[in-house]
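Enquirer: Here is my input, please return the structure:
(chains A and B)
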Amino acid sequence: MSLPCKLKTEAERIAEFAREYGLDFYETLFEMTDASGMNELAAYGGFPIRYPHWRYGMEYDRLRKGKTYGLSHIYEMVINNDPCYAYLLETNRLVDHQMVMAHVYGHSDFFKNNVWFSRTNRHMIDRMAQNAGEVSRIIEKQGFERVERFMDAALSLGDLIDPYSVFREPPPETDEDDERRVDIASLKFHTKEYLDSFVNPKERLEEELARIQKELDRHRDLPRKPERDVLHFLIQQAPLKPWQRRLLGILREEAYYFVPQGTTKVMNEGWASYWHIKIMTTKVLADENLTAYADHCSRTLAMPPGSFNPYRVGLAIWLDIEDRWNKGRFGREWEACDDYARRQQWDTGADLGRQKMFEVRRFYNDVTFIDTFFTRELCAEQKLFTTRRDEQPEKEEIEDRDFVAVKKRLLFMLSNMGRPVIEVISNNFENRSELLLRHQHYGIDLDLRYAKETLKNLALIWTRPVHLETSLGGKAKLISHTGKGFEEREIVTDKAVQTTLDA
Amino acid sequence: MPRISRDHNRFREIVKGRVRKEFRKFITHSELLGRKGKHLVAIPVPRIDIPTFRYGDNQGGVGQGEGEPGDEAGAGTGQAGDKSAPHVLEAEVTLDELAEMLGEELQLPRIQPRGREEIEEQHARYNSIRPVGPESLRHFRRTYRRALKRTIASGQYDPDNPVIIPIREDRVYKSWKVTYSPRTNAVVLYLMDVSGSMGQEQKDTVRTEAFWIDTWLQHNYRDVRTRYIVHDADAREVDRDVFYHLKEAGGTKISSAYALTAKILESEYPIFDWNVYIFHFSDGDNWGSGDTEICLDLLKQKLLPHANLFGYGQVESPYGSGQFIHDLSSHFGSAENLITSQIADRDAIYDSIKEFLGKGR
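Expert: Numbers count the residues shown, from 1 in each chain, chains lettered A, B, ... in the order given. Modelled structure (predicted):
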């Protein structure tokens, strides 16, 4: 539904304020929708047309129940596209709309200018719709159940991509300098030179060469280096039917589209919150709406005890950056100063806050953002702590308030979008065309139950046994799915064997 | 059809399939069930989780607020980044929906109330309007609106002096309609043996089964009364809470409970007005054959003629299963409204409910 006239003027007015502040965004189109429309869009990740899958229905079910029982409320949704689309909820008050608009321009600016977004498809709405059409055609040919089953298995592996590979070319499909290339001369029958073109016809030779090459390729160990983009590897190497390959391709494409949103969540939400507050309080807010605005604002930024709100933490860091660079609290002199009173009074009048903010919004992502700008003072001021799960009695308890611990935990949660790092090591494990993955263990074990189920799905796609190298309870383990069942064994490294022999 | 309903329906179909497959688990895990408020019950519907490689529970998170290390961090510690979804989805289902699910799952027939069509109930509901009536029932808003319409239509309305004076024809009054419905009220009596041989596990079994029976009967009758009787060598009536938590020791004299039941039924629930359900749970270890004789007699004379259904569930206790169930079935094998059921363990509850309610009585 298009926007009523009144809101259209509002949108233009707020866009103008945003431009005055230096925000630079795509054309932003607002659409009005009712609650169920909003839930539907949210279930599809903001896109009006996507391929059919029950998990969207599940998401919708959850959102709808959340809405009905007053547990959750979606105020706004915006998608990274050119033009940028944003949805407004019909039943909201004018002041809510104004706030959402200001917020959306913040996001839109971030999408356009942050470097991590620079490689994403800006016509994703169209692309998703095309993908949906293609999936529908596949379903027509292959049958719904069959496609759904494959999809369920594939989705299990859908997050095995490399979120930081945006600026890397995809790994080459073949190696040019492979020492196992076959020399065409070696295929020739030995004969007199004038008979050569008759005894060894050129077409026949090429055919033979292609056959041998293919045979060799089949037995070649890949990848050359551990590969994090497991999905890409599967598309290249797994024995898939064309339609299956295509579905995996679609999944991978869409997964990559959502990566920058995932890796800049704290920054992006903080940035948009900063701008809606700035624009609302300095330009737009009418006196009579103050309480409504404050109420809405505090609800989005509230951090209930014991939970983590990216809006809140992001905003706090942005405000701190502005303040520090305005007062010149950066650089060597500032870092070296340990006089509390002097630090409190520190103000060089540098006035570089806004400039620094725009610079940060261009070059950082959540991990580098927290790593660089999350300070000891901020940690104490925001009263952050790490938590740990207690078994008896089962509860989440405060673990530590130490700055280093909190920062470490934050970075861990944000690295690789909070997922374990899984790499492909070999497609020819033990020389049996079996797939070997490795989990890079950074101190936290995998959920074994889920890992096993995932392996099962992987085996379905690989069609040969699959293995995962990981560490459980401090012991190196190899978990396998043979296509029939699971096997689990401890990995004894060569070194260990060596020492026992020596002894 | 909106795009989402296609996916939503698909999801619900799958969940239904899940419910079917895992329904036994639902029924046997009473701790998953909690009554919420008056009409709602929370059943965690399994969220269909697509497995991925993910971290185990020992990950920990980051929170914010007051407190010392070691304090509880408050409910729902979130994690940044790609927040993992909870494993269960707490779906709020009304008891009616739950009963529907149960009925569908166990293919229970709808209960046919005993033929008492002549007993009808009158309900008066104020849901209509008429032009005459006492002033106390005058519908002010409608009256005003009619007056306003008339004033405007006749050109007498003056915006600067908007006085509206209703005349007789404007006035409307609230009125009622009488509806008749057959009276089908039900009383359920739960009898439980709390003698020394009934352990906590046996009581949990009884509790779970009673909950589901209760849900089904609530669904079928407008108003279900429940009464609870416990017995060892003596019987007495208790409230719901005590019924489920009481731990007693002592011998078993089932006749005491049957006598009490008969007394309650006779004095409070006349046969012509009530559908009567009696469910008795025991480990069947009655004290001597003399008492069993008395029980059978009471059943034949008083309880069975009175009840729509008499269900006897024998739970297996650590001390084995008693003789009582065999006594019952040998005496009343042909009785239509007596059903006996062996409940070996919690998984057997499913079949037991089906046995009890499968006749649609």
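
Enquirer: Would you mark the buried spots in stretch A:248-257?
Expert: A:248, A:250, A:251, A:252, A:254, A:255, A:256, A:257 (16 or more other Cβ atoms under 10 Å in any protein chain shown). (Glycine included, C-beta is placed from N, CA and C.)

Enquirer: helices or strands up against the helix or strand the last one falls within?
Expert: Assigned by DSSP states H and E, residue A:257 falls within helix A:242-263. Other elements packing on helix A:242-263 under the criterion 3 or more Cβ pairs under 8 Å, 6 or more residues apart in numbering or on different chains; DSSP states H and E are helix A:124-142, helix A:144-155, helix A:230-237.

Enquirer: hmm, back to that, just send the buried residues of stretch A:248-257 back as CSV, with pLDDT too.
Expert: What follows is those, written out as CSV (pLDDT from 0 to 100):
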residue, pLDDT
A:248, 94
A:250, 94
A:251, 94
A:252, 93
A:254, 92
A:255, 92
A:256, 92
A:257, 93
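
Enquirer: Show me how the chain divides into domains.
Expert: Unless you meant another one, I'm taking chain A. Following automatic domain parsing, chain A resolves into domains at A:5-114+A:264-297, A:126-173+A:224-262, A:184-219, A:304-415, A:420-502.

Enquirer: oops, I was thinking of chain B
Expert: B:1-49+B:87-107, B:120-180, B:184-357.

Enquirer: Of those domains, which is nearest chain A?
Expert: domain B:1-49+B:87-107 (3.3 Å; Cβ to the nearest Cβ).

Enquirer: Show the contacting residues for the nearest residue in space to residue A:139 that is not next to it in sequence.
Expert: Spatial nearest neighbour of residue A:139, chain neighbours left out: residue A:147 (4.9 Å); criterion: Cβ to Cβ, 6 or more residues apart in numbering or on different chains. When contacts are counted by Cβ atoms under 8 Å, 6 or more residues apart in numbering or on different chains, residue A:147 is found next to A:135, A:138, A:139, A:243, A:247.

Enquirer: Just the buried residues of those residues.
Expert: Buried residues within those, counting neighbours by 16+ other Cβ under 10 Å: A:135, A:138, A:139, A:243, A:247.

Enquirer: Where among the domains of chain A is average confidence lowest?
Expert: Mean pLDDT is lowest for domain A:184-219 among those, at a mean of 77.

Enquirer: Please identify the buried residues of that domain?
Expert: A:200, A:209.

Enquirer: One more: stretch A:274-291?
Expert: A:274, A:275, A:276, A:277, A:278, A:279, A:280, A:283, A:284, A:285, A:289.

Enquirer: Does the last one fall in a helix, a strand, or a coil region?
Expert: Classification of residue A:289 into helix, strand or coil gives helix, according to DSSP: H, G, I helix; E, B strand; the rest coil.

Enquirer: wait, isn't it in contact with residue A:94?
Expert: Yes - here residue A:289 reaches residue A:94: they are 7.5 Å apart, a contact under Cβ atoms under 8 Å.

Enquirer: Bridged to residue A:88, which residues?
Expert: Residues in a beta bridge with residue A:88, per DSSP bridges, are residue A:32, residue A:76.

Enquirer: I misspoke; the intended subject was residue B:317.
Expert: residue B:320.

Enquirer: Could you pull up the residues touching it?
Expert: B:197, B:198, B:199, B:202, B:283, B:285.

Enquirer: try it again with 6 Å
Expert: B:197, B:202, B:283 (Cβ atoms under 6 Å, 6 or more residues apart in numbering or on different chains).

Enquirer: And the pLDDT for it?
Expert: Predicted confidence (pLDDT) for residue B:317: 73.

Enquirer: just residue B:195 next, same as before
Expert: Looking at residue B:195, its pLDDT is 78.

Enquirer: so who does it touch?
Expert: The neighbours of residue B:195, taking Cβ under 6 Å, 6+ apart as the test, are B:232, B:250, B:252.

Enquirer: same check, this time on residue A:116
Expert: Shown in contact with residue A:116 (Cβ under 6 Å, 6+ apart): A:260, A:264, A:365.

Enquirer: Against residue B:62, how distant is the last one?
Expert: When distance is defined by Cβ to Cβ, to the nearest Å, residue A:365 is 18 Å away from residue B:62.

Enquirer: Same question for the first one.
Expert: Distance check for residue A:260 against residue B:62: by Cβ to Cβ, it reads 22 Å.

Enquirer: Between those two, tell me which one has more neighbours.
Expert: residue B:62 (26 against 23; other Cβ atoms under 10 Å in any protein chain shown).

Enquirer: Quick check: the more buried one touching residue A:409?
Expert: Yes - when contacts are counted by Cβ atoms under 6 Å, residue B:62 is listed as touching residue A:409 (5.3 Å).

Enquirer: Overlap in contacts, those two.
Expert: What both residue B:62 and residue A:409 touch, as defined by Cβ under 6 Å, 6+ apart, is the set residue A:386.
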